[in-house]
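Chemist: just the structure for this:
(one chain, ligands or ions: 1)
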Amino acid sequence: MGAEILGVDLVDLNDARFAEIEHALFRHKMIFFRDQAIDHADQEAFSLRFGPFAADAYGKGMEGHPNVHAVIKEADARAGMIFGSGWHTDSPFLAEPPAITLLRGVDIPPYGGDTIWVNTALAYQTLSPVMQGVLQDLKVHMSMGKVVASLRALDPDWSRQVESAPDTAEKVAGSFHPLVRTHPKTGEKGLYCDVTYANGIEGMTQPEADALLGFLRSHITQAAFSCRLRWEVNTVAVWDNRLCLHQAFNDSDGFRRELYRTTVTGEAPA
Ligand code: SIN
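Modeler: Numbering: from 1, shown residues only. Below you'll find the model as predicted:
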């Protein structure tokens, strides 16, 4: 889970180098680059190498760069919940969730504010063949419902924004996706289940689904499948939402944290 790529300038990539990067992403699920002094336009250009921009489910982009989204926590902000809290894959409540996310560090706390990932393909591979068989044809219900409820309790301003968005009801209704997901480019299988959005399993009672999802969540998020990134200014991380989960920490009070994110369109999970 995770790999650092050295000796690359993201604004000067020929096709062969990009192909190596994409291969590394598919193999390691999250890759990162240090010392990339790039701007919004460069990030957009690098992002577009992976595919067209996805529509962001949570907010508007930057002026002049509608596909670049700020992830900012001010030094004096005290929030019960931050963007990226809790183990999740990006926007799985959509029919076609974003495939890939890119995040670029601009202002980084001296400590705190790391991000962690887990590899859901490794999690799948380490299940017994019997459990793999049990999961094979199940569909997981992914919904924004728990996020909306948490925001209501923890962040009334943010909650008002999310709840007044015209498509929030649709995102709460969510989507049913295969619990065992096959990567469209590599054929690798992984568990499509997280803590933030997975809400139930098609055809199961809630207690049945909770028991199975509970087991899967603790299996997927074990340390052996994880990596943790200490951000620096000009670090760029790229991850493949189809085969990993990630989580941000709300532990950088007193320091500004500023990152910029782009997402790449995905397909209906299969
Ligand atoms: C995210 O979930 O995309 C945000 C991650 C972070 O801010 O570390």
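Chemist: what about residue 66, neighbour count?
Modeler: 13 (other Cβ atoms under 10 Å). Just so you know, the C-beta spots here come from the backbone N, C-alpha and C atoms, and that holds for glycine as well.
Chemist: interface residues of the chain facing the ligand?
Modeler: 71, 83, 84, 101, 115, 246, 248, 259, 261 (Cβ under 6 Å from any ligand atom).
Chemist: nearest to residue 29, of those residues?
Modeler: residue 246 (9.6 Å; Cβ to Cβ).
Chemist: quick check, the closest one in contact with residue 1.
Modeler: No - under the criterion of Cβ atoms under 8 Å, residue 246 is not in contact with residue 1, lying 10.4 Å apart.
Chemist: list of residues touching the helix or strand containing residue 122?
Modeler: Following DSSP states H and E, one finds residue 122 within helix 120-125. For helix 120-125, contacts defined as Cβ atoms under 8 Å, 6 or more residues apart in numbering pick out 1, 29, 89, 132, 180, 183, 188-193, 216, 219-220, 222, 224-225, 243-245.
Chemist: which parts of it are buried?
Modeler: Within helix 120-125, the residues that qualify as buried are 120, 121, 122, 123, 124, counting by 16 or more other Cβ atoms under 10 Å.
Chemist: for the closest residue to the ligand within the stretch 1-150 of the chain, give me phi and psi.
Modeler: Residue nearest to the ligand within the stretch 1-150 of the chain: residue 84 (2.8 Å; Cβ to the nearest ligand atom). Residue 84 adopts backbone torsions of phi 90, psi 0, taken as degrees, to the nearest 10.
Chemist: same question, residue 91
Modeler: The phi/psi pair for residue 91 (degrees, to the nearest 10) is phi 50, psi 50.
Chemist: next, the contact list for it, please.
Modeler: 54, 57, 58, 97, 98, 263.
Chemist: in strands, which of those residues appear?
Modeler: Among those, the members found in strands (DSSP state E) are residue 263.
Chemist: now, the most widely separated pair of the contacts of residue 91?
Modeler: Of all pairs in these, the most separated under Cβ to Cβ is 58 and 97 at 12.7 Å.
Chemist: who has more neighbours out of these two?
Modeler: residue 97 (25 against 17).
Chemist: distance of the more buried one relative to residue 260?
Modeler: Relative to residue 260, residue 97 is positioned 20 Å away (Cβ to Cβ, to the nearest Å).
Chemist: now residue 153
Modeler: Relative to residue 260, and taking Cβ to Cβ, residue 153 is found at 28 Å.
Chemist: which regions of this structure sit below the pLDDT cut-off?
Modeler: By pLDDT under 70, the chain has no low-scoring segment.
Chemist: ranges for the helices of it?
Modeler: For the chain, the helices defined by DSSP state H occupy 15-28, 40-50, 120-125, 129-135, 145-154, 156-164, 168-173, 206-220.
Chemist: now render those as CSV, adding distance to residue 239.
Modeler: Output for the helices of the chain, formatted as CSV (distance: least, Cβ to Cβ, whole Å):
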stretch, distance to residue 239
helix 15-28, 8
helix 40-50, 11
helix 120-125, 11
helix 129-135, 23
helix 145-154, 19
helix 156-164, 23
helix 168-173, 21
helix 206-220, 15
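Chemist: wait, which of the ones you listed is closest to residue 78?
Modeler: Closest to residue 78 of those, according to Cβ to Cβ: helix 145-154, at 11.0 Å.
Chemist: ok so, going back, kindly reformat the buried residues of helix 120-125 as TSV containing distance to residue 168.
Modeler: As requested, those are exported to TSV (distance: Cβ to Cβ, whole Å):
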residue	distance to residue 168
120	27
121	31
122	34
123	30
124	31
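Chemist: nearest to residue 109, of the residues you listed?
Modeler: Distances from residue 109 to these, taken by Cβ to Cβ, are shortest for residue 120, at 28.1 Å.
Chemist: and the residue lying closest to the closest one once chain neighbours are set aside, what are its bridge partners?
Modeler: Sequence neighbours aside, residue 190 is the residue nearest to residue 120 in space, at 4.0 Å (criterion: Cβ to Cβ, 6 or more residues apart in numbering). Per DSSP bridges, the residues bridged to residue 190 are residue 181.
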